[in-house]
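J.: mind folding the following:
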Amino acid sequence: MCAADAVSFLAPAKLNLSLQVFGRRPDGYHHIRSVIVPVSLYDEVTVEEAAEGISVECDDPSVPTGEGNTCRRAAALFMEWAGAPAGVRIRLRKTIPAEAGLGGGSSDAATTLKGLSALTGKCPPRDVLLAMAARVGADVPFFTLGSAALVEGFGERLTAIPWEVPFHAVIVRPAFGLPTRDGYGRLRRPPGDPPPPAEIPAYRTLGDVAAALGNDFEEAWREDRPEIGEIKGELLAAGALAAGLSGSGSAVFGLFASAEAARGARGKLPPGGGGGTGRRVFVARSV
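T.: Residues are numbered from 1 along each chain as shown. As a prediction, the model looks like this:
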């Protein structure tokens, strides 16, 4: 018996406050270490019962809805495990831009799993849920956690971080996206063993957070995408305590202590600026 006929949930974006990429794994992934925080920039995912099969609809025509869609893959794994529902229709209202390093597709997939649990009343055990999420994509396990986390392995090893240092961010997505696969290819990491497990970082002040910002993908894109450095400069000139790249890019973010400071900085950014006139700018907070 189903708990509901249709459910809707918000799917948050994420910011990588730090991101290190180590050796390449035999499965093609890379060993990583990252501190990731969800932020208040959301897609909306609606999951409803259908007679049979899986269909995905999206209000952004640039988002593929076929077999490679992350929500479709997540739904197939859940339905295989649960034996229900017989069919599902997934509707996406997109705000998080694609190929930005903000995790929109991964968050949508994790939210699809959440929606199917609510729809069917069947909740996978934690280890089963993480295994499903990891099969969909490297960032999906993080979004099942619902909190900030130290993320290791290829993205499947999660240590929750009680987040006690709230911040606001101005997020700039340039007019271009950056494919994750290309970013890893540019880093040219050789095969290698995982690094030793990291200690859980302790952030006591926003200054601690600002000092910890760093992302190996900035090295990967430095020559071909100087706009990333230009946007960082714009954010710092507008008053950001620190600025950095999220994920494999292309979104750049600056940290601020308050919503007022972030909104004021957004107004100071030059029109067009790094990344061209098609860029998008958001103000969000840690959640």
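J.: contacts and neighbour counts: CA atoms only from here.
T.: OK.
J.: who touches A110 in this structure?
T.: Counting by Cα atoms under 8 Å, 6 or more residues apart in numbering, A110 makes contact with 71, 74, 133, 140-141, 143-144.
J.: if you set the cut-off to 6 Å instead, what comes out?
T.: By Cα atoms under 6 Å, 6 or more residues apart in numbering, the contact set of A110 is 140, 143-144.
J.: what of A50?
T.: 87-89.
J.: domain-wise, how is this protein divided?
T.: Per the record, the chain has its domains at 6-160, 168-285, by automatic domain parsing.
J.: all helices of this protein, in order?
T.: 70-82, 104-120, 126-136, 140-145, 180-187, 206-212, 217-221, 227-237, 259-268 (DSSP state H).
J.: dump the ones you listed to CSV, plus mean pLDDT.
T.: Below are those laid out as CSV (pLDDT from 0 to 100):
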stretch, mean pLDDT
helix 70-82, 98
helix 104-120, 98
helix 126-136, 97
helix 140-145, 98
helix 180-187, 96
helix 206-212, 97
helix 217-221, 96
helix 227-237, 97
helix 259-268, 98
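J.: looking at the contacts of A50, which one is closest to T65?
T.: Of all those, T65 sits closest to R89, with 11.5 Å by Cα to Cα.
J.: how many other residues sit next to the closest one?
T.: When neighbours are defined as other Cα atoms under 10 Å, R89 has 19 of them.
J.: now do the contacts for it.
T.: Counted by Cα under 6 Å, 6+ apart, R89 has contacts 47-48, 50, 54-55.
J.: does it have beta-bridge partners, and which?
T.: E48, S55 (DSSP bridges).
J.: mind checking how far the nearest residue in space to P270 that is not next to it in sequence is from P26?
T.: Closest residue to P270 apart from its sequence neighbours, by Cα to Cα, 6 or more residues apart in numbering: E234 at 7.7 Å. In this structure, E234 and P26 are 40 Å apart, going by Cα to Cα, to the nearest Å.
J.: of those two, give the one with the bigger neighbour count.
T.: Taking other Cα under 10 Å, E234 and P26 do not tie; E234 has more neighbours (21 against 10).
J.: touching, A238 and A265? I think so.
T.: Yes - look at A238 against A265 with Cα atoms under 6 Å: they come within range, at 5.0 Å.
J.: out of these two, which sits in the more crowded spot?
T.: In this view A238 and A265 are compared by other Cα under 10 Å, and A265 has more residues nearby, 22 against 19.
J.: the more buried one contacts A237, doesn't it?
T.: No - using Cα under 6 Å, A265 makes no contact with A237, being 8.8 Å away.
J.: what's the burial count for P196?
T.: 7.
J.: do the same with P195
T.: Using other Cα under 10 Å, P195 is surrounded by 14 other residues.
J.: state the distance from it to S286.
T.: 28 Å.
J.: same question, A74
T.: Distance from A74 to S286, by Cα to Cα: 26 Å.
J.: so between these two, which is more surrounded?
T.: A74 (25 against 20).
J.: ok, now which ones touch the more buried one?
T.: A109.
J.: would you check that V39 makes contact with R285?
T.: Yes - between V39 and R285 there is a contact under Cα under 6 Å: 5.4 Å.
J.: out of the helices of the chain, nearest to I96?
T.: helix 104-120 (5.5 Å).
J.: alpha carbons only: can I get that closest one in PDB?
T.: In PDB, the C-alpha atoms belonging to helix 104-120 read as follows (Å, rounded to 0.1, in the frame of the first residue of the first chain):
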ATOM      1  CA  GLY A 104      22.300  19.500  -9.200                       C
ATOM      2  CA  GLY A 105      21.900  16.100 -11.000                       C
ATOM      3  CA  SER A 106      23.200  14.200  -8.000                       C
ATOM      4  CA  SER A 107      21.000  16.000  -5.600                       C
ATOM      5  CA  ASP A 108      18.000  15.400  -7.800                       C
ATOM      6  CA  ALA A 109      18.800  11.600  -7.800                       C
ATOM      7  CA  ALA A 110      19.200  11.500  -4.000                       C
ATOM      8  CA  THR A 111      15.900  13.300  -3.700                       C
ATOM      9  CA  THR A 112      14.200  10.900  -6.100                       C
ATOM     10  CA  LEU A 113      15.300   8.100  -3.700                       C
ATOM     11  CA  LYS A 114      13.800  10.100  -0.800                       C
ATOM     12  CA  GLY A 115      10.600  10.600  -2.700                       C
ATOM     13  CA  LEU A 116      10.200   7.000  -3.600                       C
ATOM     14  CA  SER A 117      10.700   6.000   0.100                       C
ATOM     15  CA  ALA A 118       7.900   8.500   1.000                       C
ATOM     16  CA  LEU A 119       5.700   7.300  -1.900                       C
ATOM     17  CA  THR A 120       6.000   3.600  -1.100                       C
END
